[in-house]
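Visitor: Starting from these lines, generate the structure:
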Amino acid sequence: MIKRNFFRSVIKLSLCASIGLTAFTFASGNQAHAATETSLQLIDSGKEFIGTPYKYGAPAGITYAFDCSSFTQYIFDAMGVSLPRSSSSQASIGAKVTKENLSVGDLVFFNTSGRGISHVAIYAGNNKILHSATSTGVTISSLGESYWHKRYVTARRVLKS
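Guide: As a prediction, the model looks like this:
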């Protein structure tokens, strides 16, 4: 009797451990990539422009004002990554990333106009985005803010790991 209970306990423990390891293995495949030296440099470079005014249609390559996509285009270009000019065009390149798997340096896209993708930001980690906003210029905002949360559309990874 004692032997039988012991073996049942061992089998239960083995089964639980097996299920736990399987869950861990599958879950780890969906984890966000860790921030890299490149992605951290990208964010640091972007932070240097905090407070730079917003200007709709700001020409590519200027730094006295940005709109959202000219900002991402400029910052990524400095890291050797060429991006298209508009936010909707930027949303078509790179690898799609789920919101749960965002990594520092990912492009995050929003529908702020009611007509599809109309805003782009850079994921800065800790649920924060670095972007050029109409009201504040280049700033850091929380992705969890009601405004951004409701308007989130998708994200893309364009930096190489």
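
Visitor: residue ranges with poor pLDDT in the chain?
Guide: By pLDDT under 70, the low-scoring segments of the chain are 1-33, 161.

Visitor: What ranges does it have for its helices?
Guide: Counting by DSSP state H, the chain has helices at residues 2-28, 37-47, 68-78, 87-90, 146-151.

Visitor: got the angle between the third one and helix 37-47?
Guide: What that stands for is helix 68-78. Orientation check (axes from the mean of the first three to the mean of the last three C-alpha atoms, to 10 degrees): helix 68-78 against helix 37-47 gives 130 degrees.

Visitor: and helix 68-78, what does it pack onto?
Guide: Helices and strands touching helix 68-78, by 3 or more C-beta pairs under 8 Å, 6 or more residues apart in numbering; DSSP states H and E, are helix 37-47, helix 87-90, strand 119-125, strand 128-133. C-beta coordinates here come from the backbone N, C-alpha and C atoms, glycine included.

Visitor: Ok, the fourth one next?
Guide: Applying 3+ C-beta pairs under 8 Å, 6+ apart, we find helix 87-90 packed against helix 68-78, strand 107-110, strand 119-125.

Visitor: same thing but 10 Å
Guide: When contacts are defined as 3 or more C-beta pairs under 10 Å, 6 or more residues apart in numbering; DSSP states H and E, helix 87-90 sits against helix 68-78, strand 107-110, strand 119-125, strand 152-157.

Visitor: And the ones you listed: which comes nearest A35?
Guide: Evaluated over the helices and strands packed on helix 87-90, closeness to A35 peaks at strand 119-125, with 6.2 Å, by C-beta to C-beta.

Visitor: Give me the angle between the closest one and strand 128-133.
Guide: Computed by the same axes, to 10 degrees, the angle between strand 119-125 and strand 128-133 is 150 degrees.

Visitor: Reformat the helices and strands packed on helix 87-90 as CSV; add distance to G46.
Guide: Shown next, in CSV, are those (distance: least, C-beta to C-beta, whole Å):
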stretch, distance to G46
helix 68-78, 5
strand 107-110, 12
strand 119-125, 6
strand 152-157, 16
